[in-house]
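Student: This is a predicted model, with the sequence first.
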Amino acid sequence: MAKYKSIAVMYGSDSSEWEVSCRSGEFTASRIDETGYDVYEIFARHGKWSLVAMRRADSMRVPFPEGSRPEIDKNDFSVRVLGEKVKFDFVYIMQHGAPGETGLLQGYFEMLGIPFSSCSAFVTTVAFDKYSCKSYLRDASFVKLAPDVFIRKGMDVEKVCAEAAARLRFPVFVKPTDGGSSFGITRVTSPEALPEAVRFAFSEGEAVIVEEGIKGRELTCAVYFNGKEVKPLPVIEIISETGWFDYDAKYNGLSREVCPAEIPPELASEVQETSRRIYTRLGCKGVVRMDYISSEDGLYFLEVNIIPGMTNASLVPKMVRAAGMDITTFLSEVIENS
């Protein structure tokens with residue numbers, strides 16, 4: 001018997017990723033077991049939370065027109081709909097970017113005592129920030145990290161760029177530390193282009209990481225807790241037509257995603273075990289995806305995706321299908337064991 005009855009799926013966000021988040025949230029809501037749960041879709045952006053649609057167990061989805069959507073009561077995370085007050089038992093967070101991947105949303109639910117699908121507020125905050133997450137893993141013996149230089153708004157950009165040019169081999173990647181979906185990221189091939197790339201990255205966040213590019217095969221693996229063990233899914237290799245996994249490669253069809261990856265079994269096992277160990281070391285919950293570059297001198301960790309994309313074409317659903325699992329069953333496992 002299910003632990004929860006009413007599931008709120010939250011999507012939208014305050015970041016540039018809000019449209020991607022809506023697609024992920026709508027797909028997730030549509031695949032949650034319709035026989036076991038009442039599902040409520042909540043759009044949240046810039047402080048306005050409203051009910052987009054609801055689907056009672058064994059019933060049809062009922063959408064609410066824009067302009068007449070019931071507002072969420074943030075005092076107790078409830079909604080009054082069709083003459084009834086509904087308090088949600090569980091939240092499936094599908095917000096890419098702030099506040100769903102920064103820890104703010106998780107902190108709100110922790111204060112209310114409402115269980116949710118993702119990592120805790122603290123772990124989310126640490127893992128979403130690329131520099132903080134790498135700092136947690138710097139002394140780990142089981143994975144390599146690319147050399148990098150950190151810069152925050154207010155620091156001398158020219159001075160830090162000169163330091164990066166002296167320390168790092170080009171090309172480098174300039175990234176907002178707390179962004180996703182490749183927004184604000186630039187591949188830089190010469191020192192002269194660094195300051196402009198850093199300023200562009202600042203358009204997405206307050207801090208930036210300049211990271212040495214590692215040549216190799218791009219691999220990714222998701223991990224989740226199934227109630228008994230931390231379990232990795234099959235590895236995917238990403239082959240991008242743009243030279244790296246940028247926005248066009250991710251969302252405009254300019255990449256090929258091979259699942260399961262056509263790599264030696266020992267490398268696949270290494271990626272899966274490394275992902276499991278990172279998940280455990282950070283204290284993750286729910287389903288989390290880790291990205292890597294497999295280079296000649298070892299496996300390099302890139303970043304953790306605390307709330308990975310969940311459309312039909314996204315990486316995690318592909319892994320689930322490759323594992324021989326049904327996406328609805330998989331989501332039930334995540335909900336019941338988060």
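Tutor: Yep, it's here. As the structure is a prediction and not an experimental result, all values here were calculated from the model. Residues are numbered from 1 along each chain as shown.

Student: can you pull out the strands in the stretch 51-200 of the chain?
Tutor: 62-63, 72-73, 78-81, 84-87, 90-93, 144-145, 148-152, 172-176, 186-188 (DSSP state E, counting those that start in this stretch).

Student: could those strands go into TSV alongside mean neighbour count, mean pLDDT and distance to Pro99?
Tutor: Glycine gets a C-beta too; all of them are placed from N, C-alpha and C. Output for the strands of the stretch 51-200 of the chain, formatted as TSV (neighbours: other Cβ atoms under 10 Å; pLDDT from 0 to 100; distance: least, Cβ to Cβ, whole Å):
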stretch	mean neighbour count	mean pLDDT	distance to Pro99
strand 62-63	12	96	25
strand 72-73	18	98	14
strand 78-81	16	96	19
strand 84-87	12	96	21
strand 90-93	26	98	10
strand 144-145	16	96	27
strand 148-152	19	96	20
strand 172-176	25	93	16
strand 186-188	19	93	25
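
Student: Dump these into JSON lines; add distance to Ser269 as well.
Tutor: Below are the strands of the stretch 51-200 of the chain laid out as JSON lines (distance: least, Cβ to Cβ, whole Å):
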{"stretch": "strand 62-63", "distance to Ser269": "45"}
{"stretch": "strand 72-73", "distance to Ser269": "44"}
{"stretch": "strand 78-81", "distance to Ser269": "46"}
{"stretch": "strand 84-87", "distance to Ser269": "44"}
{"stretch": "strand 90-93", "distance to Ser269": "30"}
{"stretch": "strand 144-145", "distance to Ser269": "17"}
{"stretch": "strand 148-152", "distance to Ser269": "28"}
{"stretch": "strand 172-176", "distance to Ser269": "27"}
{"stretch": "strand 186-188", "distance to Ser269": "30"}
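
Student: Looking at the ones you listed, spot the one closest to Glu273.
Tutor: strand 144-145 (14.6 Å; Cβ to Cβ).

Student: show me where pLDDT drops low in this protein?
Tutor: 1, 179-182, 242-254 (pLDDT under 70).

Student: Quick check: the residue of it most remote from its centre vs Pro70, distance?
Tutor: The outermost residue of the chain relative to its centre, with distances by Cα atoms, centre = their mean, is Gly83 at 35.7 Å. Look at Gly83 and Pro70: by Cβ to Cβ, to the nearest Å, they are 11 Å apart.

Student: what does Gly309 give?
Tutor: In terms of Cβ to Cβ, Gly309 sits 27 Å off from Pro70.

Student: okay, these two: which has more neighbours?
Tutor: A direct count of neighbours by other Cβ atoms under 10 Å for Gly309 and Pro70 places Gly309 higher, at 23 against 18.

Student: was I right about that one contacting Cys22?
Tutor: No. Using Cβ atoms under 8 Å, Gly309 is not in contact with Cys22, being 11.5 Å away.

Student: ranges for the helices of the protein?
Tutor: Using DSSP state H, the helices of the chain run over 18-31, 104-112, 121-128, 130-137, 157-167, 194-201, 247-251, 265-282, 315-322, 327-337.

Student: got the buried residues for the last one?
Tutor: Yep, that's helix 327-337 we're talking about. Across helix 327-337, burial judged by 16 or more other Cβ atoms under 10 Å covers Ile327, Thr328, Phe330, Leu331, Ser332, Glu333, Val334, Ile335.
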